[in-house]
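Enquirer: build the 3D model from these lines:
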Amino acid sequence: MLYNSLLDLLSKGGYTVLVLVLCSILSLKVVIEKAVLFKGITDKVIDDFKAKVFSSLQAGDKKEALFYCKSYSWNWMFFNVKTPLAPVYKYILEHISMPEDVLLERSLAKLDKEVIKIEKGLGILATLGSISPFIGLFGTVIGIIRSFEALALNEASGYLNVMAGIAEALVSTAAGLLVAVPAVMFYNYYMRRIKSSMPAFEEAIHDLVYALRKNEREVKNASLQDR
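Expert: Prediction:
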């Protein structure tokens, strides 16, 4: 009953509501895609990935560490979640011969590129959050214009029919807000998540570079002592 009433209400909004329904579907698609991506930047996933890579390196198996960087994924519901830290670690392991400061700088630049990939699509949420109320308002204005045109053509219909037409027209405004509010909320939430995760990513990069450099120094010292 409620479902039928909702459909009837939305149908009264005309083509504007149809556009907003399409906007809501697009917004939901982005939200779900980002929900999967953002599972890859949780502390649990980052710590698990770091532990596997460091465990392989401590065992002296660089190939296994690279394998984890290329193939690491974490199962969440029906999705395979990957962490943006993996390609950065892969880059570090493949370019460990670089000077430390250069390697850190380029690794952080690589991280920035991975973060841009995560942010990709969030602009859609921001755009939908901005334009949806105006699309709804446009539908409402059109509905009000039609109501007054109907009154001008048939004054006998009375103001009650005009008010009923305006009420139906306001459905577009309500639908616009219904699309905009969740889109803006999720956009702000995801942007905060990215910002709050950056220190953990940067720390993980420094940890790996320093650990590799420390291992190199230990190997050199051991070879000097053997001589």
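Enquirer: report pLDDT for residue 128.
Expert: Here the pLDDT value assigned to residue 128 is 95.
Enquirer: can you give me the neighbour number for residue 122?
Expert: Residues lying near residue 122 (other CB atoms under 10 Å) number 18. All C-beta spots, glycine's among them, are computed from the backbone N, C-alpha and C.
Enquirer: which helix or strand contains residue 118?
Expert: helix 100-119 (DSSP states H and E).
Enquirer: tell me the confidence at the residue most central in space within the chain?
Expert: Among the residues of the chain, the one closest to the centroid is residue 34, at 3.5 Å (CA atoms, centre = their mean). In this prediction, residue 34 carries a pLDDT score of 89.
Enquirer: got the phi and psi for it?
Expert: Per-residue torsions, residue 34: phi -70, psi -30 (degrees, to the nearest 10).
Enquirer: what helices and strands are in contact with the helix holding residue 118?
Expert: helix 15-38, helix 85-94, helix 158-226 (3 or more CB pairs under 8 Å, 6 or more residues apart in numbering; DSSP states H and E).
Enquirer: quick check: buried residues in that helix?
Expert: 103, 104, 107, 110, 111, 114, 115, 118 (16 or more other CB atoms under 10 Å).
Enquirer: pull the number of nearby residues for the nearest residue to residue 79 once chain neighbours are set aside.
Expert: Spatial nearest neighbour of residue 79, chain neighbours left out: residue 36 (4.7 Å); criterion: CB to CB, 6 or more residues apart in numbering. A count of nearby residues for residue 36, using other CB under 10 Å, gives 15.
Enquirer: where in the protein is pLDDT low?
Expert: 1-14, 154-162, 164-165, 218-227 (pLDDT under 70).
Enquirer: between helix 15-38 and the helix or strand where residue 139 lies, find me the angle.
Expert: Assigned by DSSP H and E, residue 139 belongs to helix 122-153. Angle, helix 122-153 to helix 15-38, by axes from the mean of the first three to the mean of the last three CA atoms, to 10 degrees: 170 degrees.
Enquirer: I figured residue 176 was touching residue 136, is that so?
Expert: Yes. The criterion here is CB atoms under 8 Å, and residue 176 meets it with residue 136 at 2.1 Å.
Enquirer: between these two, which contacts overlap?
Expert: Residues touching both residue 176 and residue 136 by CB atoms under 8 Å, 6 or more residues apart in numbering: residue 20.
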